[in-house]
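Trainee: Give me the fold of what follows.
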Amino acid sequence: MQTALLILPNFVIILVGLVLARRFDFGRDFWDGLEKLVYYVLFPALLFRALAIARIDFSTAGTLIAAALAFTLAGFALSLAAGPLFGLGRKLLATGSQCGYRFNTYVGLAVAGSVFGTPGVALAALLLGVMIPLANVLAVAMLAAHGSRGFLHELATHPLVVSSLAGLAWNVAGLPLPGFADQTLNLLGTTALPAGLRIEAGQGPAAAHAWWLAVKLFAVPAIAWALAGALEFTGIEAKILLLCAALPTATNAYILAVRMAGDGRAVATQVTVGTVLSMATIPAWLALPLAT
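Mentor: Modelled structure (predicted):
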């Protein structure tokens with residue numbers, strides 16, 4: 001129950017946004033401006049800060065990091081399988097497939113801190129800090145195929161990819177983040193969480209949506225659970241690995257879809273439904289005994 005309550009604020013924010021949108025009837029110009037602000041300023045600030053200050057020790061947690069990257073890539077592959085399975089168009093597949101491997105970092109850190117304390121936050125930040133650049137590159141790579149500027153140009157200039165790699169480079173270089181910069185980026189990043197998400201009717205067949213939800217909330221955590229047992233992870237390491245795998249889709253997947261593909265309806269559905277379901281699935285995965 002405690003873990004479920006930590007996820008509840010994310011869904012409440014989505015509901016508040018829906019009520020405000022219906023009450024004040026915001027126009028298309030408002031949403032365009034908000035999406036650009038989130039896409040070019042707020043989310044890059046969030047990603048840069050998260051990676052710049054994360055405690056990333058590749059030498060002492062190499063196997064755990066490899067496991068996290070493995071289940072992220074598995075989620076990517078399983079998400080793409082929806083294309084041939086359900087006869088999806090390339091654009092819809094590129095847009096919706098994000099939902100099988102992208103994750104809500106703040107839900108992960110909140111749950112890790114509440115359930116496992118400071119050591120849990122440090123370990124979750126380590127794994128999520130490595131997973132963020134991979135997930136962003138995979139998502140941008142898929143969506144860039146529909147861009148007019150070419151894949152390499154899209155990837156090299158994309159604000160989420162650039163901010164992720166810049167934050168990682170800052171961390172690896174061992175540079176301190178000045179207090180004023182840290183506070184400014186934190187304020188910008190926190191603002192990004194509730195902004196820009198609209199609740200809209202899902203695009204594409206219901207079977208594809210069910211597939212992506214099953215991949216994100218069941219298949220990927222199951223792979224992490226199996227890896228934890230096979231690699232003999234125990235205690236907090238195994239639980240944090242499971243937590244990172246079981247997180248619902250991040251809201252920034254919606255922003256990315258809207259800015260690059262022009263239609264985020266499939267992602268909006270996934271974020272909303274996935275967040276609600278994760279209130280039950282995350283506690284269930286964390287309570288599951290490890291395979292021996």
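Trainee: Quick one: mean pLDDT for the lengthiest helix in the chain?
Mentor: For the chain, the helix with the greatest residue count under DSSP state H is helix 105-144. Model confidence over helix 105-144, given as mean pLDDT, is 80.
Trainee: Could I get the full set of helices for the stretch 101-250 of the chain?
Mentor: For the stretch 101-250 of the chain, helices defined by DSSP state H, counting those that start in this stretch occupy the ranges 105-144, 151-157, 159-172, 179-192, 206-214, 220-230, 235-246.
Trainee: and stretch 278-287, which residues are buried?
Mentor: Ser278, Met279, Thr281, Ile282, Pro283, Trp285, Leu286 (16 or more other Cβ atoms under 10 Å). C-beta: built from backbone N, CA, C; applies to glycine.
Trainee: In TSV: the helices of the stretch 101-250 of the chain, plus distance to Val38 and mean neighbour count.
Mentor: Shown next, in TSV, are those (distance: least, Cβ to Cβ, whole Å; neighbours: other Cβ atoms under 10 Å):
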stretch	distance to Val38	mean neighbour count
helix 105-144	14	21
helix 151-157	17	13
helix 159-172	10	19
helix 179-192	6	15
helix 206-214	22	18
helix 220-230	25	20
helix 235-246	23	24
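Trainee: so how far is Leu34 from Leu134?
Mentor: Separation of Leu134 from Leu34 (Cβ to Cβ, to the nearest Å): 27 Å.
Trainee: swap that for Thr269, sorry
Mentor: Thr269 sits at a distance of 19 Å from Leu34 (criterion: Cβ to Cβ).
Trainee: The two: who's more crowded?
Mentor: Taking neighbours as other Cβ atoms under 10 Å, Thr269 and Leu34 compare with Thr269 leading, 23 against 17.
Trainee: Please report how far Asn136 lies from Ile255.
Mentor: To Ile255, Asn136 is 12 Å away according to Cβ to Cβ.
Trainee: If you could redo that for Pro176, that was the one I meant.
Mentor: 30 Å.
Trainee: of the two, who's got more company?
Mentor: Ile255 (26 against 10).
Trainee: Which of the three states applies to the more buried one?
Mentor: helix (DSSP: H, G, I helix; E, B strand; the rest coil).
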